[in-house]
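Chemist: Sequence plus predicted model, see below.
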Amino acid sequence: MDLGPHPSPLPGGEGAEQLPSPPGRGAGGEGRLGVFGGTFDPPHYGHLAIAEEAAEQLGLPRVLFAPTGQPPHKPGAPVTAAAHRVRMTALAIADNPRFELSCVDVERPGPSYTVELLALLHAEYGAATELYFICGMDMLASFLTWHEPAQIIARCQLVAVTRPGYAAVDVAALEAALPAARGRIHLLRAPGLDISGTELRARVAAGRSIRYLVPPVVAAYIAEHVLYRRDAWA
Ligand code: ATP
């Protein structure tokens, strides 16, 4: 678990940077789609809280949770079978009418590049759909190393949410390095929940409780399928 410093204040002071309503969109947010990609190994309350916060602050009627196939930023790291991660994600979001599961990423071969996920979603939902890709501040910090960042930012608005232990990224510096990103990267403040998949897997392996860190249905699934146990990694 990262016990580093708390995020520095976000530009613009308290609360979220307000996004202007995209032209031609109704007040109800039609045409806006939140996209939340992640390993979700397992999905936890940190994920759910930032997706809810982004949906509320940006007026997104829907947020798609898209579990990754093979995450390119975790090469060689053992990732639980996609079928388990998809089922846990479905269970975790089931009680939120705004949240939906998307399997486009797990259903295609090769590394899960965000740029390809966004292209597939534009093909599915229409090129005019305004995609808001949600990520944690830790991910934004490495944005320039993602596969084809210029193409990504052309396809979506990037929404980075505060995460305990990670300082707010300097958006002006990012925009200077990637001018196409100007005005398309947004920082949101969310309630800080210092939870990570890494820590949850370690807790289960050590026989420790994950109660109040993941939804009860996810904890029950992990127990039933004996996931993350030390003997299961052998
Ligand atoms: P791991 O520890 O296995 O790397 P993780 O908990 O960081 O997993 P991922 O599924 O890899 O979760 O993350 C999906 C997205 O959610 C990423 O953009 C990540 O930054 C963000 N995220 C995960 N946990 C939090 C949290 N507690 N607060 C804010 N953002 C988070």
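Modeler: That came through fine. Keep in mind that this is a model prediction, so the values were computed, not measured.
Chemist: send the alpha carbons of stretch 171-179 over as CSV?
Modeler: Extracted in CSV, the C-alpha atoms of stretch 171-179 (Å, rounded to 0.1, in the frame of the first residue of the first chain):
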residue,chain,number,x,y,z
VAL,A,171,-2.0,19.4,-16.5
ALA,A,172,-0.4,22.5,-18.0
ALA,A,173,2.9,20.6,-18.4
LEU,A,174,1.1,17.7,-20.0
GLU,A,175,-0.7,20.1,-22.4
ALA,A,176,2.6,21.7,-23.2
ALA,A,177,4.1,18.3,-24.1
LEU,A,178,0.9,17.3,-26.0
PRO,A,179,-0.8,20.3,-27.4
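Chemist: Please enumerate residues in contact with it?
Modeler: The contact list for stretch 171-179, computed with CB atoms under 8 Å, 6 or more residues apart in numbering, reads Pro11, Leu140, Phe143, Leu144, Pro149, Ala150, Ile153, Ala181, Arg182, Gly183, Ile185, Leu187. Where C-beta positions appear, they are placed from N, C-alpha and C, glycine not excepted.
Chemist: again, but for stretch 110-119
Modeler: For stretch 110-119, contacts defined as CB under 8 Å, 6+ apart pick out 35, 37, 66, 68-72, 104-105, 108, 131, 133, 146-148, 151-152, 155-156.
Chemist: Could you list which of those also contact the ligand?
Modeler: Restricting the contacts of stretch 110-119 to those within reach of the ligand (CB under 6 Å from any ligand atom) leaves nothing.
Chemist: Which among those count as buried?
Modeler: 35, 37, 66, 68-71, 104-105, 131, 133, 146, 151-152, 155-156 (16 or more other CB atoms under 10 Å).
Chemist: from these, which ones fall inside strands?
Modeler: Val35, Gly37, Ala66, Leu131, Phe133, Cys156 (DSSP state E).
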